[in-house]
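Novice: Give me a model of this one.
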Amino acid sequence: MKCLVVIAHPNTDSLCHSLAQSAIQSLIDAGHEVEVEDLYQHGFSSELTITERQTYYAPVFDASQLQAQIERLLSAQVLVLVFPTWWFGFPAILKGWFDRVWAPSIAYDHARDLGAIKPKLYNLRYTLAITSLGSPWWVDYLVLRKPVYRVLKIALLHTCAPTCRFKMLSLYKAERLSTEKVDLFRKRIQKALTKWLEI
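Specialist: Presented below is the predicted three-dimensional model:
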């Protein structure tokens, strides 16, 4: 399958980049075709432009600055997102990727009465989110109630890619991890991207 791996971390020697490389290698080893969208390394701008915002409800959205990113998204059957969770949300650059690339006429269409949007990403079959957090699991689950998971599953995928299967792997207490725990997490990534994609 055609796979798009989106990386959203500024440091190339970070844990997220290392986990992304594990995901990429697992996909390649399984025989999938992989494209990498490293948002920082590619100089992606997170800011929605004035023209983009002005055309959000126009007959045609101005995607003139986003053609390469849009083509990669539309051709992907598998999407892998690798990012740190900061303040229980997305890094700004990843949020900007959603704002700008998951746009009208690309990821969805507006309803004529501006009611529920109409999904367009039916080609997307699987999405795996891989994230690191400094907090323990119970803060994410019990206190914040998994905000990043809910935004990805409900707000984005359910409305834009309703037939897409979703899985999220979260590595907690990322600032105090042993090598053994990181290795175990890598095995979880490998399992998700081999066994899960075979279903």
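Novice: where does the protein have low pLDDT?
Specialist: 199 (pLDDT under 70).
Novice: Other residues contacting stretch 115-126?
Specialist: 1, 73-79, 104-111, 157, 159-167, 196-197 (Cβ atoms under 8 Å, 6 or more residues apart in numbering). For every residue, glycine as well, the C-beta is placed using N, CA and C.
Novice: Check the offset of that stretch from the chain's centre.
Specialist: Computed by Cα atoms, centre = their mean, to the nearest Å, the separation of stretch 115-126 from the middle of its chain amounts to 15 Å.
Novice: which residues of the chain fall in strands?
Specialist: For the chain, the strands defined by DSSP state E occupy 2-7, 33-38, 78-84, 108-109, 118-119, 126-132, 165-171.
Novice: sorry, back to before: any quick PyMOL command for the buried ones out of the contacts of stretch 115-126?
Specialist: Buried members of these, defined by 16 or more other Cβ atoms under 10 Å, are picked up in PyMOL with:
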select buried, resi 73+76+77+78+79+104+105+106+107+108+110+157+159+160+161+164+166+197
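Novice: Take the contacts of stretch 115-126 and keep only those in helices.
Specialist: Leu73, Leu74, Ser75, Thr159, Cys160, Trp196, Leu197 (DSSP state H).
Novice: Spatially central residue (nearest the centroid) of this structure, please.
Specialist: Centre of the chain computed as the mean C-alpha position; nearest residue by Cα atoms, centre = their mean is Leu81, 3.4 Å away.
Novice: For that one, give the beta-bridge partners.
Specialist: Counting by DSSP bridges, Leu81 is bridged to Val6, Ala129.
Novice: Now do the same contact list for it.
Specialist: Val6, Ala8, Leu94, Thr127, Leu128, Ala129, Ile130, Thr131, Leu152.
Novice: Please produce TSV containing the residues you listed, extended by neighbour count and distance to Ala174.
Specialist: Conversion of those to TSV gives the following (neighbours: other Cβ atoms under 10 Å; distance: Cβ to Cβ, whole Å):
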residue	neighbour count	distance to Ala174
Val6	26	19
Ala8	25	15
Leu94	22	17
Thr127	22	21
Leu128	23	18
Ala129	21	15
Ile130	25	12
Thr131	25	9
Leu152	20	19
